[in-house]
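S.K.: Need coordinates for the following:
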Amino acid sequence: MVMGSAAVSLVAEAGRGATWLGPLCALCSSLTWAYGSAIYTREAGRVGPAEVNLTRALLVVPLFALATLVTVGPQALGLLRGSSLGWLSLSMLCSYGLGDLVFYLTALRLGTPTGLAISSVFPVWSALLGALTLGERIGVGRWLGIAFCIGGVAWLVLLQVPTGERAPARGRALAGGVALAVLTSLLWAGNAYSIRRGAAQLPMFLVNTFRYFMAVLVLSCTWLLQRRRRPAAAGPPERLLLSGHHLRRFLPTVLIEAFIGSSIFVYGLSHSDLSVAAPLSSLAPLFAVPIGLYLGTERLHLRRLLAIVLTVSGVALLVR
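M.R.: Numbers count the residues shown, from 1 in each chain. Just a heads-up that it's a prediction; the model follows:
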């Protein structure tokens, strides 16, 4: 574990001057999330989503703390300034806090695929924030790349379910669901922007130690509230996913997705323009297709192939 964290740190140091490493890390974080989300979804069906999310955070906090101690030293906490703490706290509010809650309300009104497809426009807001406040330059080719990535991802998401399940809401419920989906996209953009501002010039392990510590606080409150609201007729509340059998199945995924994936996610956002890193880090539905093909849960047809071509074209425009 210590050797692995040191290796990741050495890679980051070696690529400090490489303009391609940030976008590559952002893209690879989509791959690790596509893998992790498939496993998390399966485990959530057995023990509950709140238990999975909280266990993931509890497992990874000491790993990031140890990696920070090894790569930076005990003086690491002195690097966290008030502004960085504020931005990183805001990122957790926009993701685990309000972001997840608003998306859940969106999914109840529109269905998960439709809500996710609309919320996937968040890289547009991230790019605009980067251009307006950070002086990032966005040319025509980059705007086309963002549009192709968003369009391809939204298409892939909508292709996951039958047509009749895409938009169950009507009238005011539909309008309210769309408004919530747009709000979700703004919160997700706020998460990306906050990490870009808060993680600048900070070691990625230190950033994630604080982020996941905050996540533990938020998710613990959520889990406790769910336990209290659980009807008595539903039986005893579910336990955390900390039993030996589940832990052995869960730990490798946490190492790949939460430890490695979150590290390169933070590195990608803090070492790339938001107009590049945000779209590249949102391509998990693209990588979910080959993973599903390998697992035998997906089939490749013409519309899906066209959506993949559109998304890959967007990636090529962003990193050219």
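S.K.: backbone phi and psi for L283, please?
M.R.: Phi and psi for L283, reported as degrees, to the nearest 10, are phi -100, psi 20.
S.K.: Please verify my assumption that C25 contacts S270.
M.R.: No - applying CB atoms under 8 Å as the test, C25 and S270 come out as separate, 9.5 Å apart. From N, CA and C alone the C-beta is placed, and that goes for glycine too.
S.K.: Neighbour count: those two, which is higher?
M.R.: Using other CB atoms under 10 Å as the criterion, C25 and S270 rank with C25 on top: 27 against 20.
S.K.: For that one, give its distance to L280.
M.R.: According to CB to CB, to the nearest Å, C25 stands 9 Å off from L280.
S.K.: On the three-state scheme, Q201 is what?
M.R.: coil (DSSP: H, G, I helix; E, B strand; the rest coil).
S.K.: okay, it: pLDDT?
M.R.: For Q201, the pLDDT comes out at 85.
S.K.: what's the neighbour count on it?
M.R.: Around Q201 there are 8 other residues, counting by other CB under 10 Å.
S.K.: and it, what are its phi and psi?
M.R.: According to degrees, to the nearest 10, Q201 has phi 70, psi 20.
S.K.: what's the spacing between it and Y96?
M.R.: For Q201, the distance to Y96 - CB to CB - is 24 Å.
S.K.: Flag the shaky bits of this structure, pLDDT-wise.
M.R.: 1-18, 161-172, 229-246, 297 (pLDDT under 70).
S.K.: Next, the residue nearest the centre of it: secondary structure please.
M.R.: When CA atoms, centre = their mean is applied to the chain, the residue found nearest the centroid is W33 (6.8 Å). When classified by three-state DSSP, W33 comes out as helix.
S.K.: That one and G314: what is the separation?
M.R.: 18 Å.
S.K.: now swap in S126 and tell me
M.R.: Taking CB to CB, one finds S126 at 15 Å from G314.
S.K.: now swap in G36 and tell me
M.R.: For G36, the distance to G314 equals 23 Å [CB to CB].
S.K.: quick one: which of those two has more around it?
M.R.: The residue with more neighbours, out of G36 and G314, is G314; 26 against 20, by other CB under 10 Å.
S.K.: Return the residues in contact with that one.
M.R.: Residues in contact with G314, defined by CB atoms under 8 Å, 6 or more residues apart in numbering, are 144-152, 279.
S.K.: just to revisit the earlier point, would you agree the residue nearest to the centre of the chain is in contact with G261?
M.R.: Yes - with contact defined as CB under 8 Å, W33 reaches G261; the gap is 5.9 Å.
S.K.: so A181 is in which element?
M.R.: helix 171-198 (DSSP states H and E).
S.K.: could you say what helices and strands that helix packs with?
M.R.: When contacts are defined as 3 or more CB pairs under 8 Å, 6 or more residues apart in numbering; DSSP states H and E, helix 171-198 sits against helix 82-92, helix 98-110, helix 112-119, helix 122-133, helix 262-270, helix 274-280.
S.K.: elements contacting the fourth one?
M.R.: Yep, that's helix 122-133 we're talking about. Against helix 122-133 (3+ CB pairs under 8 Å, 6+ apart) you get helix 140-158, helix 171-198, helix 274-280.
S.K.: closest one to V60 among those?
M.R.: helix 171-198 (16.2 Å; CB to CB).
S.K.: Could I get the buried residue list for that closest one?
M.R.: 177-178, 180-198 (16 or more other CB atoms under 10 Å).
S.K.: just checking, next helix/strand downstream of that helix?
M.R.: The helix or strand immediately downstream of helix 171-198 is helix 204-229, counting by DSSP H and E.
S.K.: Run the chain-centre distance for the helix or strand just after that next one.
M.R.: Per DSSP H and E, the first helix or strand lying C-terminal to helix 204-229 is helix 244-253. Put simply, helix 244-253 sits 21 Å off its chain's centre (CA atoms, centre = their mean, to the nearest Å).
S.K.: For A199, which non-adjacent residue is spatially closest?
M.R.: Of all residues not flanking A199 in the chain, S270 sits nearest, at 4.0 Å (CB to CB, 6 or more residues apart in numbering).
S.K.: is it true that that neighbour touches N208?
M.R.: No - using CB under 8 Å, S270 makes no contact with N208, being 11.4 Å away.
S.K.: hang on, the earlier thing: out of the helices and strands packed on helix 171-198, deepest packed?
M.R.: Greatest average neighbour count among those goes to helix 274-280 (a mean of 28), per mean count of other CB atoms under 10 Å.
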